[in-house]
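Peer 1: Okay, predicted coordinates and the sequence, questions at the end:
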Amino acid sequence: MSEKKFRICIYTILFILVIVFFTKDFNLFSDFYKNIKQVKNPNQLDVLVNKNYQLQEDYMPSDLEEVHVEFAFEHKYLRKEAKNAFEEMAQQAKKDGYQIILVSAYRSYSYQNELYQHYVKTSGKNYADRCSARPGHSEHQTGLALDIMGENGDYNLFEDTKEFQWMRKHAYQYGFILRYPKDGYDITGFKYEPWHYRYVGKDLASYLTKNNMTLDEYYFKKYGK
Ligand SMILES: [Zn+2]
């Protein structure tokens, strides 16, 4: 091979690498936010809401209840069953010497829209899609999802707390799962979120936790894609 050909070859490879590097974040090769389906069973405890399954704009659970301020910021609402389970869990954690505080729970479609648009305006759509969900695609709208913080008072740093370790051991016993595990992005569409939990009921939470399975995988296995 001549030197010239060799150089062209190297430049071509470098060019391809640069293109791959800059496009991998744009989800060009993934199905996220493509082939979007409407959620048909929004009230079921195993409801799947993700970047391909969307809730209607007017969906709002009918049994939302305010979480007791002993364990939550003011005016945080969850569906009745999830709220009772969360309070029971936080109470037991407190008895064990841990402080679990709920910082975000039910979010309406319009509020999620504001959040998402805020990220788009300040940091661009690409960034917004990585750290937030588009309206209708956040499971916070189900009233079954929650973000929590521990002793350090910062949900972003929840993984560093002893409360996180407590949750790892006990969350499933109260019906909660860590919804977006490490290295789960290709399946869940969301990066690792140690602070975000989802209520699915005790039986399913035990099953998913023991089998190290995401809700997405379970749902597709049970209902098909
Ligand atoms: Zn969350």
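Peer 2: All right, it came through fine. Just so you know, these numbers come straight off a predicted model, no measurement behind them.

Peer 1: From now on I want contacts and neighbour counts done on CA atoms only, so please keep to that.
Peer 2: Noted.

Peer 1: what secondary structure does Lys5 sit in?
Peer 2: Put simply, Lys5 is helix when judged by DSSP: H, G, I helix; E, B strand; the rest coil.

Peer 1: Quick check: the gap between it and Phe32.
Peer 2: Separation of Lys5 from Phe32 (CA to CA, to the nearest Å) stands at 40 Å.

Peer 1: what about Met149, how many residues close to it?
Peer 2: Neighbour count of Met149, defined by other CA atoms under 10 Å: 25.

Peer 1: same question but for Asn84, I mixed them up
Peer 2: By other CA under 10 Å, neighbour count at Asn84 equals 16.

Peer 1: packing partners for the helix or strand hosting it?
Peer 2: Assigned by DSSP states H and E, Asn84 belongs to helix 80-95. If contacts are counted by 3 or more CA pairs under 8 Å, 6 or more residues apart in numbering; DSSP states H and E, helix 80-95 sits against strand 64-66.

Peer 1: So for the helix holding Asn84, what gets flagged as buried?
Peer 2: Using 16 or more other CA atoms under 10 Å as the burial criterion, the residues of helix 80-95 that qualify are Lys80, Glu81, Ala82, Lys83, Asn84, Ala85, Phe86, Glu87, Met89, Ala90, Gln91, Ala93.

Peer 1: need those residues in a markdown table with pLDDT, can you?
Peer 2: As requested, these are arranged in a markdown table below (pLDDT from 0 to 100):
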| residue | pLDDT |
| --- | --- |
| Lys80 | 98 |
| Glu81 | 98 |
| Ala82 | 98 |
| Lys83 | 98 |
| Asn84 | 98 |
| Ala85 | 98 |
| Phe86 | 98 |
| Glu87 | 98 |
| Met89 | 98 |
| Ala90 | 98 |
| Gln91 | 98 |
| Ala93 | 98 |
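
Peer 1: Just the closest of those to Val69, please.
Peer 2: If you rank the buried residues of helix 80-95 by distance to Val69 using CA to CA, Glu87 comes first, at 10.0 Å.

Peer 1: Name the surrounding residues that touch the helix or strand that the helix holding Asn84 is followed by.
Peer 2: Using DSSP H and E, the next helix or strand after helix 80-95 towards the C-terminus is strand 101-104. Identification of contacts with strand 101-104 by CA atoms under 8 Å, 6 or more residues apart in numbering yields Phe71, Ala72, Phe73, Lys76, Ala90, Leu146, Asp147, Ile148, Met149, Gly150, Tyr155.
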